[in-house]
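[1] Sequence and computational prediction follow.
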Amino acid sequence: MRELCLPLPAFAYRFDLLLEFVKRITYPARLVVQGDTLWRFTGGQLLSYRQAGAGIVIRGEALNAAKAERAERISRHCLGLDRDLTPFYRYAAGDPMLWRVVEPLAGLPLFCAETVFEALITLIIEQHITWKNALRYQRTLMSMFDRGANLRRAIVYQFPSPQQLAGASQADLKALKITNRRIGIIIEIAQAAADGALDLESIRRLKAKAAYDRLMALKGVGHWTANNVIGRALGQYPYVSENDVALQAAVQHYFHAGAGRKSPDLVRNTLDRYGNYAGLAGHFTLLRWVLDRYPPVSP
């Protein structure tokens, strides 16, 4: 097993906080934490990540020069090693209410999905159901197409490719326990991506507004899904997902001490004052909610 080391960035970066967040994933499948190590498939390779001093050590089988270059490139993206949030932290520190929410999370990286396709499909599954159930059904989806890698008490899976999902039927995906309409949308998107009619990865080259418009043009994609795909795939949070019920609860809890009625209006009225940082403020508020409300899970 070969290893390579990625130096930690000069800006605030806390790998330990990333591990703490992943430990809250109730049904670990794509990301698995064991001890001080994060496991995931990246570029089709099973890799482990562990902080050692001022670097992140990556270990994997047969990491030749070409595979190591690809693993480094994808890992830097997925682990948020290239996204400097210093301007946001500086801005948040000037607002006592926002800083009270953000300060304990300073350094938590904007970690991302490997592909836009993965981000989109997982978010379609998450529509209108609890996060806990969505995580369970996402693991169900992955286990249909991949045997996974056994890590003692847990299994880490690769995400299915567009080609794999394109060949699925409605009956095949019934186990996801989401609506037939959403199953149909997943299959249609996979088929379009597989035959080249839909180039989701090209969205990475677009500015946030253009990426948002491109996603909104897809069947079954509304504001919440488009906004969160941009965040989950690109590490950008240009908009606020005011219809997210968890964000509504978090905004009520952290900014209004539990007073007032949870609503999209409450979220907008609270976060819009942060201007260009409103989306990031909402994202960190939601991350704080997850860390505070969900207990760690040890696979």
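    Yep, it's here. Predicted, not measured: the structure shown is a model, and the values here were computed from it.

[2] When you work out contacts or count neighbours from here on, use the C-alpha atoms and nothing else.
    Noted.

[3] where along the chain do the helices fall?
    Along the chain, counting by DSSP state H, helices occupy 15-22, 65-78, 86-93, 96-102, 116-126, 131-145, 162-166, 180-194, 208-216, 223-229, 245-256, 264-271, 278-293.

[4] hmm, who's touching the last one?
    Meaning helix 278-293. Contact with helix 278-293 is made by 20-21, 24, 88, 98, 101-102, 105, 237-241, 246-247, 250-251, 254, 271-272, 274, as judged by C-alpha atoms under 8 Å, 6 or more residues apart in numbering.

[5] Buried subset of the residues you listed as a ChimeraX selection?
    Buried subset of the contacts of helix 278-293, written as a ChimeraX selection, criterion 16 or more other C-alpha atoms under 10 Å:
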select :20,21,24,98,101,102,105,237,238,239,240,241,246,247,250,251,254,271,272,274
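
[6] From L46, how far off is K174?
    Here K174 is placed at a distance of 28 Å from L46 (C-alpha to C-alpha, to the nearest Å).

[7] And these two? Which one has more around it.
    Under the criterion of other C-alpha atoms under 10 Å, the comparison of K174 against L46 puts L46 first, with 18 against 13.

[8] so how far is R152 from the more buried one?
    Distance, L46 to R152, by C-alpha to C-alpha: 15 Å.

[9] if we can go back for a sec, can you tell me which of the helices of the chain is most buried?
    Of the helices of the chain, the one with the most neighbours on average (mean count of other C-alpha atoms under 10 Å) is helix 223-229, at a mean of 23.

[10] Dump that one to PDB, keeping only the CA atoms.
    Only the C-alpha atoms of helix 223-229 are listed here, as PDB (Å, rounded to 0.1, in the frame of the first residue of the first chain):
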ATOM      1  CA  HIS A 223     -34.700  25.700  -5.900                       C
ATOM      2  CA  TRP A 224     -33.700  23.600  -2.900                       C
ATOM      3  CA  THR A 225     -32.200  20.800  -5.100                       C
ATOM      4  CA  ALA A 226     -30.400  23.200  -7.500                       C
ATOM      5  CA  ASN A 227     -28.900  25.300  -4.700                       C
ATOM      6  CA  ASN A 228     -27.700  22.300  -2.800                       C
ATOM      7  CA  VAL A 229     -26.200  20.600  -5.800                       C
END
